[in-house]
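>>> Here is a sequence with its predicted model. Questions after.
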Amino acid sequence: MRLLYAVLWLAGLLPLRILHAIGSVFGDLLWWRNGRERRITTINLALLETQDRALAGQVDARGVLRETGKAALEVAKVWSGRPQQALALVREVRGLDLFEQALANGKGVIIAAPHLGCWELLSYWLAARTSLAIVYRPPRHSRFEPLLIKARGASKVEQVRAEGAGVRSLYRRLAAGGVVGILPDQQPRQGEGEFAPFFGIEALTMVLVPRLAERTGATVLFAFAERLPRGAGFRIHIEAAPPGIADTDLRVACTALNEGVERCVRIAPLQYQWHYKRYSISPPGPKRRLY
């Protein structure tokens, strides 16, 4: 782990445009390799085309994989232990007034941050302005968890596991007017979510954000850090949540949650994680085998 962190630190010395150039080449390799990432991306984009041809026309699998490669390399800038250097890459913030107003309300703020652009930089930006707790799912290989904790630790973000005691601490933090960051587009385990349309297709959707919002009265905002062309830096977007996200009817609330993610994706569609098996769990009825 020390060696991996040392590599991150050294890579973080490179200019962002160089990291993005290397990442783009890495994305091309994923394309030519024609493996899991390209296959899943192609399937997801084909599904998208059946629902929204206009949006699908803005996205191609090779371009998505290039952005995936950039995302993998740019974390070196964020995780290198030099938070001020990382924050200097933020060139513009859109929707800052929404964030400041939500903080001033004192009722707690939930930041729903999709897997779009550079979500690690978004956490740094938020933590530079307020005390922040982020929810994370432990990596599949437990030996990598200490690296994640150390790499994210430079921003003084409280890292909360998405389980029992950790989730209970989120309610307390929000009740006290605190800020919580959650990745809202991770597929929960079977039986732990609610099916709702995501780009027109039924997807098992997390209920944590709606439940936190409904029970605490916290404001929900969607946010992401858009990657600018040619390594120019990042633009942070903050968006109001769609109506209904705190509805007691979880179907209504999860539909609003997915709509909020969709709105963000439409701003920078190539930068979304289309290589993720978002529809791998079937709704009740005949089983589907998309992947």
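Thanks, I have the structure now. Residues are numbered from 1 along each chain as shown.
>>> Can you show me the helices along the stretch 151-291 of the chain?
164-175, 208-216, 250-267 (DSSP state H, counting those that start in this stretch).
>>> what's the closest of the ones you listed to P242?
Set against P242 and scored by C-beta to C-beta, these come closest in helix 250-267, at 4.3 Å. (Each C-beta comes from the backbone N, C-alpha and C, glycine too.)
>>> Which elements pack onto that closest one?
strand 109-112, strand 193-198, strand 201-206, helix 208-216, strand 219-227, strand 234-240 (3 or more C-beta pairs under 8 Å, 6 or more residues apart in numbering; DSSP states H and E).
>>> just the angle between that helix and strand 201-206, please?
Between the axes of helix 250-267 and strand 201-206, defined by axes from the mean of the first three to the mean of the last three C-alpha atoms, to 10 degrees, the angle is 110 degrees.
>>> Tell me the buried residues in helix 250-267?
Using 16 or more other C-beta atoms under 10 Å as the test for burial, helix 250-267 gives 250, 252-265, 267.
>>> again with stretch 54-73
Under 16+ other C-beta under 10 Å, the buried positions of stretch 54-73 are 55-56, 59, 61, 63-71, 73.
>>> Show me which of the buried residues of helix 250-267 is closest to I281.
Using C-beta to C-beta, these come closest to I281 at C254, 13.7 Å.
>>> Please determine how far the closest one is located from G217.
19 Å (C-beta to C-beta, to the nearest Å).
>>> do the same with T42
42 Å.
>>> With neighbour numbers in mind, choose between the two.
T42 (17 against 13; other C-beta atoms under 10 Å).
>>> possible to save the helices of the stretch 151-291 of the chain as CSV with mean pLDDT and distance to E202?
As requested, these are exported to CSV (pLDDT from 0 to 100; distance: least, C-beta to C-beta, whole Å):
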stretch, mean pLDDT, distance to E202
helix 164-175, 87, 25
helix 208-216, 96, 17
helix 250-267, 98, 10
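>>> possible to save these as TSV with distance to L89?
Formatted as TSV, these follow (distance: least, C-beta to C-beta, whole Å):
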stretch	distance to L89
helix 164-175	28
helix 208-216	27
helix 250-267	18
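>>> helix or strand for K77, which one?
In this structure, K77 sits in helix 61-78 according to DSSP states H and E.
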